[in-house]
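1. The sequence and its predicted three-dimensional model are supplied below.
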Amino acid sequence: MRTMKIKEARQAYTAQLEVLRNRQRKLLKAREENDAQFKYSSQEEVWNGGSGVVLELSEEYRKRSRELQEQIDKVKEQIEEHIKLRDQVIGLETGIANAESAKQQGEAMKEYGEEVAKCLEIARRIANGDKVPASDEKKLMDFNMEIYQTAKHMAAMNMDKKHKEYESLWEEEEDGKEEQTDPLETAGETEVTVEIPDIEPEG
């Protein structure tokens with residue numbers, strides 16, 4: 001068992017699968033060539049009237065064919081095992097990414113609700129005739145021009161009242177705001193303990 005990042009585990013499985021598939025292709029080609037030689041030797045035996053010499057040769061091809069088939073079956077099992085383990089890691093990666101995405105969506109909805117509340121507070125301040133930063137006025141304009149215009153209209157009617165001067169509602173938030181990361185990137189960087197079977201060297 002090894003501890004590594006999910007993306008590293010996925011890459012390791014992919015690399016080993018490539019090695020195993022290349023080995024499988026070579027074995028299949030060797031079996032095909034051996035079968036062709038076997039057919040050729042069988043024909044030679046018929047042509048030579050069953051001398052027995054070619055018969056021994058044919059038995060060698062049969063033995064080689066059995067050995068190759070055993071190796072092919074073993075590599076196939078290894079490929080299936082690696083695919084299963086890789087798919088488990090991919091499933092875990094997808095699950096973590098989905099959870100992170102849901103978390104970010106929840107945070108985005110919360111932030112949107114806070115934005116609406118701030119914009120409505122800015123509208124109330126403007127409507128009272130109070131002074132707010134130009135950046136806050138622009139936030140309200142971008143949020144809803146109709147609410148902004150209504151607030152400005154009401155401000156004109158409250159010119160004679162005592163007015164307050166406010167600082168921006170967004171200034172502190174903008175300074176401390178963190179950028180959201182890609183959910184798949186977050187999942188890929190997560191450390192897990194996985195099994196990566198060693199591949200025996202070719203005999």
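-> Perfect, thanks for sending it. Here the structure is a predicted model, which is why all the values come from computation and not from measurement.
2. tell me the helices in the chain, going along the chain?
-> Assigned helices in the chain, in chain order: 6-47, 53-127, 134-143, 145-157, 171-176, 183-188 (criterion: DSSP state H).
3. shaky segments in this structure?
-> Across the chain, the stretches falling below the confidence threshold (pLDDT under 70) are 39-57, 171-179, 203.
4. 50 instead?
-> 46-47, 49-50, 52-53, 175-176 (pLDDT under 50).
5. Residues contacting stretch 28-40, please?
-> Stretch 28-40 is contacted from outside by 58, 61, 62, 64, 65, 68, 69, 72, using Cβ atoms under 8 Å, 6 or more residues apart in numbering. (Glycine included, C-beta is placed from N, CA and C.)
6. Give me whichever of the helices of the chain is most buried.
-> Using mean count of other Cβ atoms under 10 Å, the stretch among those with the largest mean neighbour count is helix 183-188, at a mean of 18.
7. Counting by contacts, list what that helix packs against.
-> Secondary-structure packing of helix 183-188 (3 or more Cβ pairs under 8 Å, 6 or more residues apart in numbering; DSSP states H and E): helix 6-47, helix 53-127.
8. Could you say which one of those helices comes nearest to residue 135?
-> Ranking the helices and strands packed on helix 183-188 by their distance to residue 135 (criterion: Cβ to Cβ) puts helix 53-127 first, at 10.1 Å.
9. where's the closest residue to residue 188 other than its chain neighbours relative to residue 155, distance?
-> Take residue 188 and drop its neighbours on the chain: the residue closest to it by Cβ to Cβ, 6 or more residues apart in numbering is residue 7, 3.5 Å away. Using Cβ to Cβ, to the nearest Å, one obtains 55 Å as the distance from residue 7 to residue 155.
10. Run a quick check on residue 121 versus residue 169, I expect a contact.
-> Yes: here residue 121 lies in contact with residue 169, judged by Cβ atoms under 8 Å, at a distance of 6.6 Å.
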